[in-house]
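Q: Here is a sequence with its predicted model. Questions after.
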Amino acid sequence: MSNNIILIGFMGSGKDSVGKELSKRTNLCFFSMDDYITFKEKRSINRIFEESGEKYFRKIEKQTLQEIKNIKNTVIATGGGVVKDKENRELLSKIGKVVYLYATLPAIKERLKNDETRPLIKNKDNIEKIYNERMKKGIYEFADKKIDTSSITKEEVARKIIEELKIEKKWGKNLFKIIKIKTSSKTYPIIIGYDLFEKDYLNISPTNKVVVISNPLISSLYYYEIENILRKKGLNSLIFTIPSGEKYKTLDTVKDVYDFLLKEKMDRSGTILALGGGVIGDLGAFVASTFKRGIPIFHIPTTLIAQVDSSIGGKTGVDHPLGKNMIGTFYQPEKVIVDIKKLLSLPEKEFRNGLAEVIKYGIIKDAKLFYLLEEKQKEILNRDIPTLLEIVTRCIKIKKEVVEKDEKEEKGKREILNYGHTIGHIIETLTNYSKYTHGEAIAIGMVEEAKLALKEKILRERDFLRIQELVSKYQLPTSLPDNINYKEMRKFVAQDKKVRNGKIRLPVPKGIGKIIFKEVECKNFL
């Protein structure tokens, strides 16, 4: 079972306020289902009920549970009516420990008497009717714990939950590092630490307009803490959400963002915050680099793959039907804020997705990192905070070293970072970005490109087996899918940005922590 706490209860029982307090006291993330639905639908709960009806809202609620069922280490505040559905109740019990926040009818009436945000009780006489109906059906009684919130504060409720569920707080308060990247175009800091949003590391001028680009899930988890920081500086932020997934990293989505920025009268003094994983970072930076010929961007990466790789180095890009990242620029951010706490809520699949890039760094330049991955699998998969900080920092230092030597891939040194990516990108394109995550595709690519080095007698068999075993150890795929057509793959190789005179220069491992380059004719590739 995931280490989540699910708060259920009638409207006005305190799910959101208690959830936020519980999040602060435990260092678990906080997620509101209603916030997620609002970001996804781009309209308020009231508007959803008015325009689409309650039946539609309940359908979206049910979909939301399916979409969040794999998140970890999170306090989830549900909507009051989500438990009306039996399947929802069953799924909630699987997602985490369920706590029923209960309040007496007089307490509920007092709390809701001036609340105009809830569509079911626009007529306040409905409160008692709906309350009695739900109590009679006993739909909240499946919970693991029940706490009466009628006459105690949110702080007291949070303390009770912590005591009764015996929640241990994750610590990492004193973990903090700054790494500076110096390129020919810009010098900027990467701030690495735990729970960084307790302090203001954004450093944005109060005269700027700020637009946060994110997706609905990440917005629900983290947008409001950023909004609070900006509000204290006298800034009102705006948010533009993009649906989750690589298939939205296109010029069509870029146009939608341009339309939003123009509608909001964004000028060159404005700032974009890219809050999310690789898709959000790549697309947000591409928009920033091209909108009115360039506006500042801050990266706040929330996935492991973005923290160790895609948010650093200034590459931006969107995909084309003929290949991944075919359209892009080099554009360095003002700052990158790497908060290790953001990794705690990642679904297991997404976390392992990022580990593929971490393994890559060990193979190309850091034998000690590779050994750490071999020896500390348990700590890494349990998301031990000091261990995560160490592997993230090691990866960032490698990326810094490479980017500073070859900011725009003009000297051939930055190509070392492409290890596993030539085949990986082709696999993503041929499977329409739907069969594999980016990390899974790169994992296959790393093993296949190591196999090429083995075949050419560049790599010893024992090192090849260590690479293959480590990838497999983290439950990442190690072989090409059966339905991949090699002839078609060669066509995509010919379109690769690295091709010169019909040949592609591949980084291949000579050993653990050592890479050399080998030229391969595209027509003979694979």
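A: Received the coordinates, thanks. Numbers count the residues shown, from 1 in each chain.
Q: tell me the strands in the stretch 301-450 of the chain, going along the chain?
A: Listed in chain order, the strands of the stretch 301-450 of the chain (DSSP state E, counting those that start in this stretch) span 318-320, 323-327, 335-339.
Q: Which strands or helices does the second one pack on?
A: Judged by 3 or more Cβ pairs under 8 Å, 6 or more residues apart in numbering; DSSP states H and E, the packing partners of strand 323-327 are strand 318-320, helix 421-430. All C-beta atoms are positioned from the backbone trio N, CA, C, and that covers glycine.
Q: what sits against the closest residue to residue 427 other than its chain neighbours?
A: Nearest residue to residue 427 in three dimensions, chain neighbours excluded: residue 441, at 4.4 Å (Cβ to Cβ, 6 or more residues apart in numbering). Applying Cβ atoms under 8 Å, 6 or more residues apart in numbering to residue 441 gives the contacts 423-425, 427-428, 431.
Q: cool, residue 205 as well?
A: So residue 205 contacts residue 269 (Cβ under 8 Å, 6+ apart).
Q: Confirm it sits in a strand?
A: No. Counting by DSSP: H, G, I helix; E, B strand; the rest coil, residue 205 is not part of a strand but coil.
Q: could we number from 66 for the rest of this?
A: New numbering, starting at 66: the last item is residue 270.
Q: roughly how far apart are it and residue 335?
A: Counting by Cβ to Cβ, to the nearest Å, the gap from residue 270 to residue 335 is 10 Å.
Q: can you count the residues close to residue 273?
A: Neighbour count for residue 273, taken as other Cβ atoms under 10 Å: 18.
Q: Excluding chain neighbours, what is closest to it?
A: Distances taken as Cβ to Cβ, 6+ apart place residue 336 nearest to residue 273, at 4.8 Å, with adjacent residues excluded.
Q: now do residue 90
A: Closest residue in space to residue 90, ignoring its immediate chain neighbours: residue 223 at 5.4 Å, by Cβ to Cβ, 6+ apart.
Q: correct me, but that neighbour touches residue 85?
A: No. Taking contacts as Cβ atoms under 8 Å, residue 223 lies outside contact range of residue 85: 9.0 Å.
Q: Neighbour count for the two, which is higher?
A: residue 223 (24 against 18).
Q: What about the more buried one? Give its phi and psi, please.
A: Recorded main-chain torsions at residue 223 are phi -60, psi -40, according to degrees, to the nearest 10.
Q: Need the pLDDT of the residue of the chain most remote from its centre.
A: Relative to the C-alpha centroid of the chain, counting by Cα atoms, centre = their mean, residue 190 is the outermost residue, at 42.4 Å. Residue 190 carries a pLDDT score of 81 in this model.
Q: do residue 225 as well
A: 96.
Q: Partner strands of the helix or strand of the chain with the lowest mean pLDDT and their direction?
A: In the chain, the helix or strand scored least confidently by mean pLDDT, DSSP states H and E is strand 564-565, which has a mean of 73. Using DSSP bridges, the strands paired with strand 564-565 are strand 568-576 (antiparallel).
Q: Let me know the angle separating the strand it pairs with from helix 486-495.
A: When axes from the mean of the first three to the mean of the last three Cα atoms, to 10 degrees is applied, the directions of strand 568-576 and helix 486-495 differ by 120 degrees.
Q: So which bits of strand 568-576 are buried?
A: 568-574, 576 (16 or more other Cβ atoms under 10 Å).
Q: what about this structure, any weak spots by pLDDT?
A: 66-67, 235-239, 263-265, 560, 562, 588-589, 591 (pLDDT under 70).
Q: how about 80 then?
A: Under the criterion pLDDT under 80, the flagged ranges of the chain are 66-67, 234-240, 262-268, 270-272, 388, 477, 550-568, 585-591.
Q: biggest helix in it by residues?
A: Ranked by residue count and defined by DSSP state H, the top helix of the chain is helix 110-133.
Q: Could you measure from the spatially closest residue to residue 379 that is not a sequence neighbour over to residue 468?
A: Distance criterion Cβ to Cβ, 6+ apart; nearest residue to residue 379, sequence neighbours excluded, is residue 397 at 4.1 Å. Counting by Cβ to Cβ, the gap from residue 397 to residue 468 is 9 Å.
Q: Need the residues touching each of these two.
A: In contact with both residue 397 and residue 468: 246, 248, 379, using Cβ under 8 Å, 6+ apart.
Q: for those, which one is nearest residue 197?
A: residue 379 (60.0 Å; Cβ to Cβ).
Q: how about the helices of the stretch 216-365 of the chain, start to end?
A: 219-230, 281-283, 289-297, 316-328, 343-355 (DSSP state H, counting those that start in this stretch).
Q: Include distance to residue 132 when you put the ones you listed into TSV, please.
A: Conversion of the helices of the stretch 216-365 of the chain to TSV gives the following (distance: least, Cβ to Cβ, whole Å):
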stretch	distance to residue 132
helix 219-230	25
helix 281-283	7
helix 289-297	19
helix 316-328	19
helix 343-355	16
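Q: Determine which stretch of these is the most buried.
A: With neighbours taken as mean count of other Cβ atoms under 10 Å, the helices of the stretch 216-365 of the chain reach their highest mean count in helix 343-355, at a mean of 25.
Q: elements contacting it?
A: strand 275-279, helix 316-328, strand 336-341, strand 362-366, strand 383-385.
Q: how much space is there between residue 342 and residue 367?
A: According to Cβ to Cβ, residue 342 stands 6 Å off from residue 367.
Q: And residue 348, by the same measure?
A: Residue 348 is 14 Å from residue 367, by Cβ to Cβ.
Q: still on that earlier bit, who touches both of residue 342 and residue 367?
A: Common neighbours of residue 342 and residue 367 (Cβ under 8 Å, 6+ apart) are residue 283.
Q: Could you give the separation of stretch 82-91 from the chain centroid?
A: 21 Å (Cα atoms, centre = their mean, to the nearest Å).
Q: now do stretch 222-229
A: So, by Cα atoms, centre = their mean, the centroid of stretch 222-229 is 29 Å from its chain's centroid.
Q: and for it, what are the contacting residues?
A: Identification of contacts with stretch 222-229 by Cβ under 8 Å, 6+ apart yields 70, 79, 83, 86-87, 90-91, 164, 166, 210, 212, 214, 217, 232.
Q: What is the nearest of those to residue 554?
A: residue 70 (46.3 Å).
Q: count of residues packed around the closest one?
A: Number of residues near residue 70 (other Cβ under 10 Å) recorded here: 28.
Q: any idea how far it lies from residue 304?
A: 26 Å.
Q: Please apply the same query to residue 502.
A: 25 Å.
Q: just residue 163 next, same as before
A: 30 Å.
Q: Between those two, point out the one with more neighbours.
A: Just comparing residue 163 and residue 304: by other Cβ under 10 Å the higher neighbour count belongs to residue 163, 23 against 18.
Q: All the strands of the stretch 116-265 of the chain, in order from the start?
A: Using DSSP E, counting those that start in this stretch, strands in the stretch 116-265 of the chain cover 139-142, 162-167, 210-213, 241-247, 252-258.
Q: Tell me what angle the fourth one forms with strand 400-404.
A: Note on geometry: by the same axes, to 10 degrees, strand 241-247 and strand 400-404 are set 150 degrees apart in direction.
Q: who's in contact with strand 241-247?
A: Outside strand 241-247, the residues that touch it by Cβ under 8 Å, 6+ apart are 252-259, 261, 377-378, 397, 454, 458, 461-462, 465, 468-469.
Q: still on that earlier bit, among the strands of the stretch 366-515 of the chain, which comes closest to residue 582?
A: So among the strands of the stretch 366-515 of the chain, strand 388-392 is nearest, using Cβ to Cβ, at 20.3 Å.
Q: Partner strands of the closest one and their direction?
A: Applying DSSP bridges, one finds strand 388-392 paired with strand 383-385 (antiparallel).
Q: which SS state does the spatially closest residue to residue 157 that is not a sequence neighbour fall under?
A: Once flanking residues are discounted, residue 157 sits nearest to residue 71: 5.2 Å by Cβ to Cβ, 6+ apart. Classification of residue 71 by three-state DSSP places it in strand.
Q: need the contact list for residue 71.
A: Going by Cβ under 8 Å, 6+ apart, residue 71 touches 141, 143, 157, 160-164.
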